[in-house]
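[1] Sequence and predicted structure are below.
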Amino acid sequence: MKKTYAIEVDCANCANKMEEAAKKTAGVKDAAVNFMTLKMTVDFEEGADSKTVMKDVLKSCRKVEDECEIYF
Amino acid sequence: MSKKLKKNLVRILVTAAVLVILHVIPAKGLIQFLLYLIPYAIISYDILRKAWKGIINRQPLDENLLMAIATIGAFALAVWGRGDYTEAIAVMLFYQVGEWFQAYAVGKSRRNISELMDIRPDYANVERDGALVKVDPDEVEPGTVIIVQPGEKIPIDGVVVEGTSSLDCAALTGESLPRDAAPGMDVVSGCINLSGLLKIRTTKDFGESTVSKILDLVENASSAKSKSEDFITKFARIYTPVVVGSALLLAFVPPLVRLAMGISPEWSDWIYRALTFLVISCPCALVISIPLTFFAGLGGASRQGVLIKGSNYLETLSKTDCVVFDKTGTLTQGVFEVSRIETAGPLSEDELLKLAAHAECASSHPISLSLQKACQERCGCAVDRTRVSDIKEQSGHGVCAVVDGKNVSVGNEKLMRSLGITPSAVKETGTIVHIAVDGQYGGCIVISDRLRDSSAEAIKALRKSGVRRTVMLTGDAASVAEEVAAQLKIDEVHSELLPSGKVEMVEKLIRERGSSGTLAFAGDGINDAPVLTRADVGIAMGAMGSDAAIEAADVVLMHDDPMGISKAIRIARKCMRIVYENIWFAIGIKLICLILGALGMASMWLAIFADVGVMILAVLNAMRALFSTRGLTLFVH
């Protein structure tokens, strides 16, 4: 299951870091951050609940870039 | 300008002003230190905080920490009297200027591009109880009649039921000439109604309409990343640790070696050189400018009516050296028309056409349809099926039927010969339909597909833009194919191919093309979806309203002008040129600065100027991709 979320982040490198962090989060099969369109596409693993996973994703993203925001 | 940008701009200006003032105040020692601490705090508090958080979260190697170490280090050297406070603050100041500029430029281009693609309709007008109501286009069911006033966007695909107008489709196709709309015509969403009121019966849901499909495509375009983008991400990942490692070595190894050799270690000099390294360690210029270039390139292309599904296709497209075309519908208009009628007996041209059209009335083959259409247009009479009986289709030959009591046979040469008739030889290219009435040869009708006006120019433009081989594939007869190819000056023709044969041919061409170039296939997407998928880049033409084409192709030309193919390739080449310019320029300048820094010939000033300067130039260069093909029309004529 793939979902796209609007995000807020300041710099391109930070966007890459968010992508890395999101990829490593449990329940996420793959993630891609598009800095130019400010969008994060998350491919969830089978049976994962997107809401709870996204909470973890935001948490791990905040760790690498504390001023980022994901709207879900 | 956002609030944050404004705030940062104020910080930058205040710090610069304070620095100038402090420069003329003759303070010394502790007071000087404390005074200089003020601008330093103003300009770097957020960086220091982020750096600290980075350490806590065990993500230490980020540019914030590096800048923090570099400036604190420079400050410390100044306290020891070996450096200069201004330098430490200036480094941070310019770093912030760079960050500010980057945020500004990115925000600006983001807005620019979204304005370009501002085709999303906000509402649809529906008549309810005699009053016009604005509703969400999502809620409009197919089959509803919607009303589009002059100046409004058509929200959903449909058919005009009432009213005439002209439509501006520039946002979709890049074509500035307005199109006409009249009752019975299909219209696509996203076009702007220019003059008259239109009533449109919708044929699709909003989500299935052209405008939604296009927005979807554009918004998801850059999620497929190109090789260069991957390269940059990987490069950035190793670049920073390598530079930081070298900085550490530079700070400790040479002084220790000097100490061992018994000469003065010059600690502060080497530490200064190491700090200079740290200033250059952020790969910002690359990390920002490459995706920005692709984004601008994709945006600029979509303004021209060329939708590219991702930066990876932009990259493949830029390497195109062989373009394969489908003939019908791509190089030709795909509309069969009766081009000439030749009588050989007592029947007039019109009578011949009428008989042929009637005999073919049961078929939906394009040839039959063109006969019926010509009959309607030339003779003003619709085909009346009651006049026709005993229709016998003879597969691969033609059709025999009884029309108005006459035995009419319509078909190719083989059919005529089977009836014992020798038809007249026609030299014209196209499909030739012979007609015999009651066993007597009546004459023939030539049906041909017209070339698109810009096809020949498009082939020329492709060759000028560096495409080495052009190939045309067609299911048509060899004679027709050869003539079209000769007219258009196409290098190679393969005719009488079945759809599967086209795929095989493209596979063969891909094997032949070698490893450096790529092969693009351009078709109209109607029955060549497998070929579109198999080619390195599949280009679908005239895709407005065709879902299959939008799905199968990698590049979608919204209008049906083959010039768009060379346009797309030129945009891609320009974009990739900018990408490589930026990669070499940024890496080159950084390397030079690192070497000069290690040799002690570059100050921190130079390092930060190089860092920010490269970034600004790279971003400006990237923005060029947005303004793609201004010189194109000049170039072609």
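    Perfect, thanks for sending it.
[2] What residues does the single nearest residue of chain A relative to chain B make contact with?
    Of all residues in chain A, residue A:36 sits closest to chain B, with a separation of 3.8 Å (Cβ to the nearest Cβ). Just so you know, the C-beta spots here come from the backbone N, C-alpha and C atoms, and that holds for glycine as well. Listed by Cβ atoms under 8 Å, 6 or more residues apart in numbering or on different chains, the contact partners of residue A:36 are B:106, B:109-110, B:222, B:291-292, B:294-295.
[3] If we check chain A, which of these are in contact?
    By Cβ under 8 Å from any Cβ of the partner chain, the members of these lying near chain A are B:106, B:109-110, B:222, B:291-292, B:294-295.
[4] And the strands in chain A?
    For chain A, the strands defined by DSSP state E cover A:2-8, A:28-34, A:39-44, A:69-71.
[5] Make CSV out of the ones you listed and add distance to residue B:181 and mean pLDDT.
    Below are the strands of chain A laid out as CSV (distance: least, Cβ to Cβ, whole Å; pLDDT from 0 to 100):
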stretch, distance to residue B:181, mean pLDDT
strand A:2-8, 34, 85
strand A:28-34, 36, 87
strand A:39-44, 35, 87
strand A:69-71, 39, 89
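[6] To residue B:135, which of those lies closest?
    With distances scored as Cβ to Cβ, the stretch of the strands of chain A nearest to residue B:135 is strand A:2-8 (25.1 Å).
[7] The closest one pairs with which strands, parallel or anti?
    Here strand A:2-8 has these sheet partners by DSSP bridges: strand A:39-44 (antiparallel), strand A:69-71 (antiparallel).
[8] most tightly surrounded among those?
    strand A:39-44 (a mean of 20; mean count of other Cβ atoms under 10 Å in any protein chain shown).
[9] Now do that one and strand A:28-34, the angle between them.
    Counting by axes from the mean of the first three to the mean of the last three Cα atoms, to 10 degrees, strand A:39-44 lies at 170 degrees to strand A:28-34.
[10] Neighbours of the closest residue to residue B:293 other than its chain neighbours, how many?
    Leaving out its chain neighbours, the residue that sits closest to residue B:293 by Cβ to Cβ, 6 or more residues apart in numbering or on different chains is residue B:622, at 4.0 Å. Neighbours of residue B:622 under the rule other Cβ atoms under 10 Å in any protein chain shown: 28.
[11] Kindly report the same for residue A:10.
    Residue A:10 has 16 nearby residues by other Cβ under 10 Å.
[12] same check, this time on the one 4 residues further on
    Around residue A:14 there are 23 other residues, counting by other Cβ under 10 Å.
[13] circling back: do you know which of the strands of chain A lies nearest residue A:60?
    The nearest among these, by Cβ to Cβ, is strand A:28-34 at 9.5 Å.
[14] and the closest one, which strands flank it?
    strand A:39-44 (antiparallel).
[15] Distance from the strand it pairs with to the middle of the chain?
    Chain-centre distance of strand A:39-44: 6 Å, with Cα atoms, centre = their mean, to the nearest Å.
[16] Might you report the residue contacts of the residue most central in space within chain A?
    Nearest to the geometric centre of chain A sits residue A:22, at 4.5 Å (Cα atoms, centre = their mean). Shown in contact with residue A:22 (Cβ under 8 Å, 6+ apart): A:28, A:31, A:33, A:40, A:42, A:57, A:60-61.
[17] mind redoing it with 6 Å?
    A:28, A:31, A:57 (Cβ atoms under 6 Å, 6 or more residues apart in numbering or on different chains).
[18] Kindly report the residues of the stretch 501-637 of chain B close to chain A.
    Residues of the stretch 501-637 of chain B that fall close to chain A, judged by Cβ under 6 Å from any Cβ of the partner chain: none.
[19] For the stretch 501-637 of chain B, which residues score under the pLDDT cut-off?
    Along the stretch 501-637 of chain B, the parts satisfying pLDDT under 70 run over B:525-526, B:543-547, B:628-637.
[20] measure whichever residue of the stretch 1-150 of chain B sits closest to chain A to residue B:45 for me?
    Going by Cβ to the nearest Cβ, chain A is nearest to residue B:57 of the stretch 1-150 of chain B, at 4.5 Å. In this structure, residue B:57 and residue B:45 are 19 Å apart, going by Cβ to Cβ, to the nearest Å.
[21] I would like the residues contacting stretch B:516-525, please.
    For stretch B:516-525, contacts defined as Cβ under 6 Å, 6+ apart pick out B:316, B:319-326, B:329-330, B:506, B:509-510, B:513, B:531-532, B:535-543, B:546, B:548-549, B:565.
[22] thinking again about what came up before, so for residue B:57 and residue B:45, which residue has more residues nearby?
    The neighbour count for residue B:57 versus residue B:45, taken as other Cβ under 10 Å, is higher for residue B:57 (15 against 11).
[23] That one reaches residue A:61, doesn't it?
    No: applying Cβ atoms under 6 Å as the test, residue B:57 and residue A:61 come out as separate, 11.1 Å apart.
[24] For residue B:440, grab the count of nearby residues.
    So residue B:440, with other Cβ under 10 Å, has 14 neighbours.
[25] Please apply the same query to residue B:162.
    Neighbours around residue B:162, by other Cβ under 10 Å: 14.
[26] what is it paired to in the beta sheet?
    residue B:199.
[27] Please spell out the PyMOL selection for the buried subset of the contacts of residue A:36.
    Buried residues within the contacts of residue A:36, by 16 or more other Cβ atoms under 10 Å in any protein chain shown, are selected in PyMOL with:
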select buried, chain B and resi 106+109+110+222+291+292+294+295
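[28] contacting residues around residue B:155?
    B:121, B:124, B:137, B:189.
[29] Just flag the most distant two among the residues you listed.
    B:124 and B:189 (9.6 Å).
[30] More neighbours: the two, which one.
    Comparing residue B:124 with residue B:189 by other Cβ under 10 Å, the one with more neighbours is residue B:189, at 30 against 26.
[31] Can you check the pLDDT for the more buried one?
    pLDDT, residue B:189: 85.
[32] now it, what's its secondary structure?
    coil (DSSP: H, G, I helix; E, B strand; the rest coil).
[33] Make sure it is actually in contact with residue B:212.
    No: contact criterion Cβ under 6 Å: residue B:189 and residue B:212 do not qualify, at 7.7 Å.
[34] average pLDDT across stretch B:25-43?
    On average, stretch B:25-43 scores 85.
[35] swap that for stretch B:233-241, sorry
    Rounded mean pLDDT across stretch B:233-241 is 81.
[36] Distance from the chain centre to that stretch, please.
    29 Å.
[37] repeat for stretch B:480-492
    Taking Cα atoms, centre = their mean, one finds the center of stretch B:480-492 at 29 Å from the center of the full chain.
[38] what residue ranges in the stretch 51-200 of chain B score low on pLDDT?
    B:59-61, B:82-83, B:116-118, B:174.
[39] circling back to that earlier point, could I have the ChimeraX command that selects the buried members from the contacts of stretch B:516-525?
    Burial among the contacts of stretch B:516-525 is assessed by 16+ other Cβ under 10 Å; the matching ChimeraX selection reads:
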select /B:316,319,320,321,322,323,324,325,326,329,330,506,509,510,513,531,532,535,536,537,538,539,540,541,542,543,546,549,565
